[in-house]
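Q: Predicted model and sequence below, questions to follow.
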Amino acid sequence: MKEKQTIIKLYLKGLSKRKIAKETKKSRNTVNKYIKEFEKSRNEDVRNLPITEDIIMPPT
């Protein structure tokens with residue numbers, strides 16, 4: 001779960017998918033998959049709420 005949060009966080013900061021894959025040591029396919037899932041869930045939310053830091057932060 002933490003790796004997914006890290007990838008989404010870097011994506012929201014504007015890093016390229018290739019750079020995210022290199023930094024997280026994950027394959028580009030994995031990075032693409034996580035970003036696609038994130039974008040799909042973001043588009044399905046009809047309320048279109050902003051992503052807050054609470055959602056991205058790991059559970060405490």
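A: Right, received. Where do you want to start? Computed from a prediction, not measured in an experiment: that's the story for all the values here.
Q: which non-adjacent residue is nearest the spatially most central residue of the chain?
A: Centroid-nearest residue in the chain: Ile8, 1.6 Å away (criterion: C-alpha atoms, centre = their mean). Distance criterion C-beta to C-beta, 6 or more residues apart in numbering; nearest residue to Ile8, sequence neighbours excluded, is Phe38 at 5.2 Å. C-beta coordinates here come from the backbone N, C-alpha and C atoms, glycine included.
Q: coming back round to it: check what pLDDT the residue nearest to the centre of the chain gets.
A: You'll see Ile8 listed with a pLDDT of 94.
Q: Report the secondary structure state of it.
A: helix (DSSP: H, G, I helix; E, B strand; the rest coil).
Q: contacting residues for it?
A: By C-beta atoms under 8 Å, 6 or more residues apart in numbering, the residues touching Ile8 are Tyr34, Ile35, Phe38, Ile56.
Q: most surrounded residue in those residues?
A: Tyr34 (21 neighbours; other C-beta atoms under 10 Å).
Q: Any regions of the chain where pLDDT drops low?
A: Within the chain, the segments meeting pLDDT under 70 span 45-52, 54-55, 59-60.
Q: can you give me the helices for it?
A: 2-13, 17-24, 28-44, 53-56 (DSSP state H).
Q: can I assume Lys4 is in contact with Tyr34?
A: Yes. Applying C-beta atoms under 8 Å, one finds Lys4 in contact with Tyr34, separated by 5.3 Å.
Q: From what I see, Tyr11 and Glu37 are in contact.
A: No. The criterion here is C-beta under 8 Å, and Tyr11 misses it with Glu37 at 11.3 Å.
Q: Between those two, which has more neighbouring residues?
A: Between Tyr11 and Glu37, counted using other C-beta under 10 Å, the more crowded position is Tyr11 (17 against 12).
Q: residues touching the more buried one, list them.
A: Lys17, Ile20, Ile35, Phe38.
Q: Just put those residues in CSV and tack on distance to Lys26.
A: Converted to CSV, the contacts of Tyr11 look like this (distance: C-beta to C-beta, whole Å):
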residue, distance to Lys26
Lys17, 10
Ile20, 8
Ile35, 11
Phe38, 14
